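Student: Quick check, what structure comes out for this input:
(chains A and B)
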Amino acid sequence: MKKMLVVDNHPMLLKVMSNLLDKQGHQVLTALDGLAALEILKTYTPDVIFIDLVMPNISGEKLCRIIRSMPKLKNVFLVILSAIAAEEGASCADYNAHACIAKGPLNKMGEHVLSVLDHLDRGRGDDLQGKIIGKEDIYEREITKELLTSKRHYETTLNHMSEGLLELTLESKIVYANPAALAIIGIPEEMLLSSDFAKLFNTIQYNKIKNLLEEAGDTQRTIALDSPAELNNKLVSLKVIPVKDDDHSHILVILSDISRRKQLEAQLQRAHKMEAVGTLAGGVAHDLNNILSGIVSYPDLILMQIPENSPLRKPIVTMQESGKKAGVIVQDLLTLARRGVATMEVVNINDIITAYLQSPEHQKLQSYHPRVAVETNLEAELLNISGSSVHLTKTFMNLVSNAAEAMINGGKIFISTENCYIDRPISGYDCVEEGDYITLRVSDAGIGISSKDIDRIFEPFYTKKIMGRSGTGLGMAVVWGTVKDHNGYIDVQSIKGKGTTFTLYFPVSRQEIAKEKTLLPMEDYMGKEESILVVDDVKEQREIAFAMLTTLGYTVDTAASGEEAVVYLKEHAVDLIVLDMIMDPGIDGLDTYKQILEIHPGQKAIIASGFSETERVKEAQRLGAGSYVKKPYTLEKIGLAVRDE
Amino acid sequence: MNLKELSKNLGLDEDEYMELLELFFETSMADLNQLQRAIETADAEKVASIAHSFKGAAVNLGLNEFVEIAKDIAITASNGQLEDTARVARTLKESLDSIAGVVK
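Tutor: Here you go, the predicted model:
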């Protein structure tokens, strides 16, 4: 007496087999499909299982695999009942079965079944391998061939889809999952089939998913999850499609991995935010620059007129220094606007680090944080990068300052540099592309940054307002802007309570560092009474320029707007024009220059502007204008620019 | 329909055969309904699937007439001649009706 299980979707065949095996004195259970079979197998361990290959829900082939993967059924006798096995040209081994009986007229089938069981009894089960018993009794093959071709066609489509597709019963049991779905879910097929789909998700989401499935089944409408769900460490979107057949209703689920898309969306949003703030900052910066000119430029002139030992020297120099410092902050704002004029030279980060650590600013920082020590590990043969040392120093200073502040009870700040070749894009806070880079790493063992904040630390004023850090609130924004202007990337890793590491990647430049430029004596750039026209809408600017250029030995005239300049030049000729760019409400520097060129083609000009180098400046230069001098400018800068023309 | 002969060919006694025939009849009537719906919706694949299952059972019981019908259904469906399939389905209905009396 043996325990049998027969799985076939035709009730008549179940009856036949049941009768037959019953007569032989065996215990027989039957199942109409794979799902029912698996249910039965939960509590029943048969000695022999007969399986029909072509069944709805879980196919016979899949059922065989699942059964073989179940430990208690590893050695159960599997017999395939099939009309198609022969056509397939398959062997029992393909299904991991012991024997294969072709379906045919009952008497023959009955004989074959008994013969197979007989072999089993006599312990010669393995003899049957590879034989398809009853092959000769199979009739016409056309029908099954059609089915097979169609099935293969769909299978190919399903196997190559990039989205995951699952088929569920109304009770949410999985009867099919395509390769993409298996990849997303990360569970082998044998274990996934016939399990509950909703159970794949954690408890919080379980109800959400279950409700979704029920709603789809009830309303017969396709619905999608309103927000992505988490599955196997990925973010996925779900679309549920109810399918109604006359004999059964199923639910299709389309599963898409959208983790990457979400990441890109977040990055884009961040970039937009920064841009918006930057534009605002840029506008403010322009005005400030103009005003600062007074404090930066006049002292030079005054200093020239007072004796060397005058007690007025010190305060005046201090005034100028203050003005310059303010100018630097404005530069920060302009950097945020991403339209700051950064003079790019070939520099080496190691030099910048070393210079900074020896600077008075760093001494001051150390005095505020006496229990913070700095340890460096700089790569000796560090490659150069193309950058602005002023901005890079500022960036580095901000990172060190933040690191020191993070360690309230003191600690070590680790600074390291390294040459680095990235051969595969790294995905972290930012996505680093392939190429040659140098990395600058600043690490602290401080309070760390929570994951909630980490997305927003580069936002202007976020660190000051939300995180209560000191400083202008623009420090991190400057770091971000500088790294971006240098075509680099930032990675931030932080664990709250443990510490933070900033890793900056800068693309390598293979050029040499240029020699240092020294301060030139004024005599080198004095003029010889050449005539200059200064065009600027702001009175103070005109006065400053007038004063400076006259001191330098030029003959200077001024015009308060582009239109005035054009009118002036109709009557006069000048050797050089100093042109401001933005002169609202009149025409700007570019349009002015264009009109002037019509009167005096080849007219020499230089551009002085508080705003940054934009398309219009470049356009003017293309038309023939010379250098661009940033306001506020010192005597030396304007002198050199004029002389060069 | 010669029950005696059919059952003898299969080595079953008449009662047994009758039982199976009843089952066959029931399942086939259900198959016929599905078949008609599949033809209406021009679902050729569904038609082929039904035909396959139906044929299997017919072969089991040695009912050659029904086996032939099943083949016809499959062939017409695969050729896309669903009007012909519909015609064959009518034949099937008639044949099933004729054994209805036998099966009670």
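
Student: for B:E22, what are its contacts?
Tutor: Going by C-beta atoms under 8 Å, 6 or more residues apart in numbering or on different chains, B:E22 touches B:V103. Placement of C-beta: from N, CA and C, glycine included.

Student: cool, A:Q595 as well?
Tutor: Counting by C-beta under 8 Å, 6+ apart, A:Q595 has contacts A:G562, A:V566, A:I587.

Student: Run through the chain and note the low-pLDDT ranges.
Tutor: Using chain A. A:84-94, A:123-150, A:246-247, A:332, A:334-343, A:427-429, A:463-473, A:511-525, A:610-613, A:632 (pLDDT under 70).

Student: that answer is for a different chain, and I need it for chain B
Tutor: B:1, B:104.

Student: Would you state the strands of it in chain order?
Tutor: Read by DSSP state E, chain B holds no strands at all.

Student: near chain A, which residues of it?
Tutor: By C-beta under 8 Å from any C-beta of the partner chain, the part of chain B that sits against chain A consists of B:9-12, B:16, B:19-20, B:23-24, B:26-27, B:33-34, B:37, B:45, B:48-49, B:51-53, B:55-57, B:59-62, B:67, B:70-71, B:74-75, B:77-78.

Student: Swap in 7 Å and give it another go.
Tutor: B:9-11, B:16, B:20, B:23-24, B:27, B:34, B:37, B:45, B:48-49, B:51-53, B:55-57, B:59-62, B:71, B:74-75, B:78 (C-beta under 7 Å from any C-beta of the partner chain).

Student: Can you select the buried ones among the residues you listed for me in PyMOL?
Tutor: To isolate the buried ones among these in PyMOL, judged by 16 or more other C-beta atoms under 10 Å in any protein chain shown, type:
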select buried, chain B and resi 10+16+20+23+24+27+34+37+45+48+49+51+52+53+55+56+57+59+60+61+62+71+74+75+78
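
Student: Looking at the residues of chain B next to chain A, which are in helices?
Tutor: B:9, B:16, B:20, B:23-24, B:27, B:34, B:37, B:45, B:48-49, B:51-53, B:55-57, B:59-60, B:71, B:74-75, B:78 (DSSP state H).

Student: picking up where we left off before, out of the contacts of A:Q595, the closest to A:G186 would be?
Tutor: A:I587 (65.1 Å; C-beta to C-beta).

Student: how about the spatially closest residue to that closest one that is not a sequence neighbour, what does it touch?
Tutor: Spatial nearest neighbour of A:I587, excluding adjacent residues (C-beta to C-beta, 6 or more residues apart in numbering or on different chains): A:G562 at 4.2 Å. By C-beta atoms under 7 Å, 6 or more residues apart in numbering or on different chains, the residues touching A:G562 are A:V535, A:M583, A:G586, A:I587, A:D588, A:D591, A:T592.

Student: Redo those residues as a markdown table? Include distance to A:A83 and neighbour count.
Tutor: Listed next are those as a markdown table, based on distance: C-beta to C-beta, whole Å; neighbours: other C-beta atoms under 10 Å in any protein chain shown:
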| residue | distance to A:A83 | neighbour count |
| --- | --- | --- |
| A:V535 | 95 | 31 |
| A:M583 | 90 | 23 |
| A:G586 | 92 | 16 |
| A:I587 | 89 | 17 |
| A:D588 | 85 | 19 |
| A:D591 | 86 | 16 |
| A:T592 | 91 | 27 |
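
Student: quick one: which of those residues sit in helices?
Tutor: A:D591, A:T592.

Student: Need the max-distance pair from the contacts of A:G562.
Tutor: Of all pairs in these, the most separated under C-beta to C-beta is A:V535 and A:D591 at 11.7 Å.

Student: quick one, what contacts A:I49?
Tutor: A:I49 touches A:L5, A:V7, A:I67, A:V76, A:L78, counting by C-beta under 7 Å, 6+ apart.

Student: quick one: which of those is most hemmed in?
Tutor: Neighbour counts for those, by other C-beta atoms under 10 Å in any protein chain shown, peak at A:V7, which reaches 27 neighbours.

Student: so it touches A:V48, yeah?
Tutor: No: with contact defined as C-beta atoms under 7 Å, A:V7 does not count as touching A:V48 (11.5 Å).

Student: Might you report the residue contacts of A:V556?
Tutor: A:I532, A:V534, A:F546, A:L549, A:T550.

Student: Among these, which are located in strands?
Tutor: Using DSSP E, the contacts of A:V556 in strands are A:I532, A:V534.

Student: which of the contacts of A:V556 count as buried?
Tutor: Using 16+ other C-beta under 10 Å, the buried ones in the contacts of A:V556 are A:I532, A:V534, A:F546, A:L549.

Student: Tell me the backbone dihedrals of A:A560, please.
Tutor: Main-chain torsions, A:A560, degrees, to the nearest 10: phi -90, psi 0.

Student: burial measure for it, as a count.
Tutor: Neighbours around A:A560, by other C-beta under 10 Å: 16.

Student: Quick check: the residue lying closest to it once chain neighbours are set aside vs A:V372, distance?
Tutor: With C-beta to C-beta, 6+ apart as the criterion, A:A560 has its nearest non-adjacent residue at 6.1 Å, and that residue is A:D537. Distance, A:D537 to A:V372, by C-beta to C-beta, to the nearest Å: 49 Å.

Student: okay, those two: which has more neighbours?
Tutor: A:V372 (22 against 19).

Student: Relative to A:I67, how far out is that one?
Tutor: 65 Å.
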